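[1] Sequence unavailable; structure follows:
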């Protein structure tokens, strides 16, 4: 008995007895796997009268609220912006010109001469007998002012030898005349469509005129400033018939006027020219775009025609006349 007790004491001295195992849920994790500390914060109390929110699957996000002091920026084509325009538009006029300032949305109209420092309310039409810079604007329903538009009027005394209904122009050192409107060259008339190239040429010849060349057409459309559009180099969808369902009556859009006084040269109808297309025998250029071409309907927008013997719903024409031919016709008139 004493010998067995001595052996037991000797073993405990050399090898300590193992500790009893810990429960599984109390075993500490290694330092690298310890979760981040959680800080308990009391939740905000829910009033008794407020029901608990119900989850809304696939709910759309709430729209962002615009600060009340932020004004929305409107583009030139925004229909909420009043369209203020002058009739007739600027460019070259002869002797004198009487100008009305109108607003399509029945807004209050403003105008200024020379600069924008002194706008005044518009009342009666203005008559210009010399070169004049006119600024036009308007007042929206919320009291804010429409962005001012500058229009330059150039008054010349001598119209030259061009007959009535035509506008004189200079091109490559010579003078010629161009119809003010698309054929039949009458204000307020619907321009003629579905005309083949030969029919257009024959119509001009019967009027003792000729079909305009592409160079002449582009020169008159862009004016001395070489503008992209008849009215300016910045596109405005309200100025010409470029975004609508069909052609407009001739002269119904006063701002669609070139410097030389021709109307509807961009948009409305493609127009035949006398210039052949170089790589397609029998084909000719058409210019100006049509009533749905948008900002692509520029003074430089041209393309070769379809088959020249065909008639197209979006193609019309206008005529030109040489000065010598116009003078002879005027001298022989009764």
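    Good, I have the coordinates. Since we're looking at a predicted model, the values are computed, not measured.

[2] Please make it C-alpha for all contacts and neighbour counts, starting now.
    Noted.

[3] Help me confirm that residue 220 is found in a helix?
    Yes - under DSSP: H, G, I helix; E, B strand; the rest coil, residue 220 sits within a helix.

[4] neighbours around it, how many?
    The tally of other residues near residue 220 (other CA atoms under 10 Å) stands at 25.

[5] where do the helices sit along the stretch 201-334 of the chain?
    Per DSSP state H, counting those that start in this stretch, the stretch 201-334 of the chain carries helices over the ranges 214-222, 323-332.

[6] Which of those helices comes out lowest on mean pLDDT?
    Mean pLDDT is lowest for helix 323-332 out of the helices of the stretch 201-334 of the chain, coming in at a mean of 62.

[7] domain ranges for this structure?
    Residue ranges for the domains of the chain, per automatic domain parsing: 84-156, 166-332.

[8] Buried deepest among those, which one?
    Most buried of these, by mean neighbour count (mean count of other CA atoms under 10 Å): domain 166-332, with a mean of 20.

[9] Distance from that domain to the middle of the chain?
    21 Å (CA atoms, centre = their mean, to the nearest Å).

[10] Would you mind listing where this structure has pLDDT under the threshold?
    1-80, 325-334 (pLDDT under 70).

[11] Tell me what residue 97 is bridged to.
    residue 128 (DSSP bridges).

[12] quick one: contacts for the closest residue in space to residue 264 that isn't next to it in sequence?
    Leaving out its chain neighbours, the residue that sits closest to residue 264 by CA to CA, 6 or more residues apart in numbering is residue 256, at 5.6 Å. Neighbour list for residue 256: 89, 230, 231, 239, 240, 263, 264, 265, 266 [criterion: CA atoms under 8 Å, 6 or more residues apart in numbering].

[13] Pipe these into CSV and attach distance to residue 175 per row.
    Output for the contacts of residue 256, formatted as CSV (distance: CA to CA, whole Å):
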residue, distance to residue 175
89, 23
230, 20
231, 22
239, 28
240, 27
263, 19
264, 21
265, 19
266, 22
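
[14] List just the nearest of these to residue 107.
    residue 239 (17.8 Å; CA to CA).

[15] Is the closest one in contact with residue 251, as I believe?
    No - the pair residue 239 / residue 251 is not scored as a contact, 11.3 Å apart, by CA atoms under 8 Å.

[16] follow-up on the earlier one: now do the residue nearest to residue 264 against residue 87, distance only.
    Distance from residue 256 to residue 87, counting by CA to CA, to the nearest Å: 10 Å.

[17] Give me the contacts around stretch 193-207.
    Stretch 193-207 is contacted by residues 210-211, 269, 272, 308-320 when judged by CA under 8 Å, 6+ apart.

[18] Take these and keep only those in strands.
    Residues of the contacts of stretch 193-207 located in strands (DSSP state E): 210, 211, 272, 315, 316, 319, 320.

[19] And the fourth one, how far from residue 203?
    Using CA to CA, we find residue 315 at a distance of 15 Å from residue 203.

[20] Also the first one?
    Taken as CA to CA, the spacing of residue 210 relative to residue 203 amounts to 8 Å.

[21] what sits against residue 183?
    Residue 183 neighbours (CA under 8 Å, 6+ apart): 191, 192, 316, 317, 318, 319.

[22] Verify the stated contact: the first one with residue 316.
    Yes - counting by CA under 8 Å, residue 191 does reach residue 316; the two are 7.0 Å apart.

[23] Pull up the overlap in contacts between those two.
    182, 183.

[24] show me what contacts the residue nearest to residue 223 when sequence neighbours are not counted?
    Closest residue in space to residue 223, ignoring its immediate chain neighbours: residue 259 at 5.4 Å, by CA to CA, 6+ apart. By CA under 8 Å, 6+ apart, the residues touching residue 259 are 90, 91, 92, 220, 221, 222, 223, 224, 230, 231.

[25] again with residue 94
    Counting by CA under 8 Å, 6+ apart, residue 94 touches 155, 156, 157, 158, 159.

[26] OK, contacts around residue 160?
    Residue 160 makes contact with residue 168, according to CA under 8 Å, 6+ apart.

[27] Locate it within the secondary structure: which element?
    Applying DSSP states H and E as the criterion places residue 160 outside every helix and strand.

[28] Alright, that wraps it up for me.
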